[in-house]
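Asker: sequence isn't available, so here's the structure alone:
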């Protein structure tokens, strides 16, 4: 459990932040951002929420099967993806600096690498797992 605790904590904090940022976007930014930038904000919230749950899943799976070493890196890649993908979109939405969008694909690649690593880890689970 102790090895997965940091990942589980990051998942919980990210989930909390997802709800807070979603509410802030819906209520605090609605009249301040253009509809295009509000849509960018919402995309960031959606991807962060999905990957917060995925990080939680990887932390729980890593606790269940600690010998399958690829599980935890999958979660960390998803955290990196969240920081780069959602983070760049949040900054772009509030600053209007579209050049920040150049960072976003790196986050997308980290998401893809995280999901691929998780698929590999699941493939490597002991054959006795249903």
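Answerer: Structure's in. What do you need? Just so you know, these numbers come straight off a predicted model, no measurement behind them.

Asker: how about residue 25: what's its closest non-neighbour residue?
Answerer: Spatial nearest neighbour of residue 25, chain neighbours left out: residue 41 (4.4 Å); criterion: Cβ to Cβ, 6 or more residues apart in numbering. For the C-beta atoms, the positions are set from N, CA and C on the backbone; glycine is no exception.

Asker: in this protein, where is pLDDT below threshold?
Answerer: 1-2, 129-130 (pLDDT under 70).

Asker: helices or strands next to the top helix by length along it in the packing?
Answerer: Taking DSSP state H as the criterion, the chain has its longest helix at helix 35-64. Under the contact criterion of 3 or more Cβ pairs under 8 Å, 6 or more residues apart in numbering; DSSP states H and E, helix 35-64 touches helix 5-23, helix 71-81, helix 87-95, helix 104-123.

Asker: looking at the ones you listed, spot the one closest to residue 62.
Answerer: Closest of the helices and strands packed on helix 35-64 to residue 62 is helix 71-81, at 4.3 Å (criterion: Cβ to Cβ).

Asker: distance from the chain centre to the closest one, please.
Answerer: On the basis of Cα atoms, centre = their mean, to the nearest Å, helix 71-81 sits 8 Å off its chain's mean C-alpha point.

Asker: need the contact list for residue 17.
Answerer: Going by Cβ atoms under 8 Å, 6 or more residues apart in numbering, residue 17 touches residue 48.

Asker: give me the distance between it and residue 11.
Answerer: Taking Cβ to Cβ, to the nearest Å as the measure, residue 17 falls 11 Å from residue 11.

Asker: neighbours around residue 33, how many?
Answerer: Applying other Cβ atoms under 10 Å, we find 17 other residues in the vicinity of residue 33.
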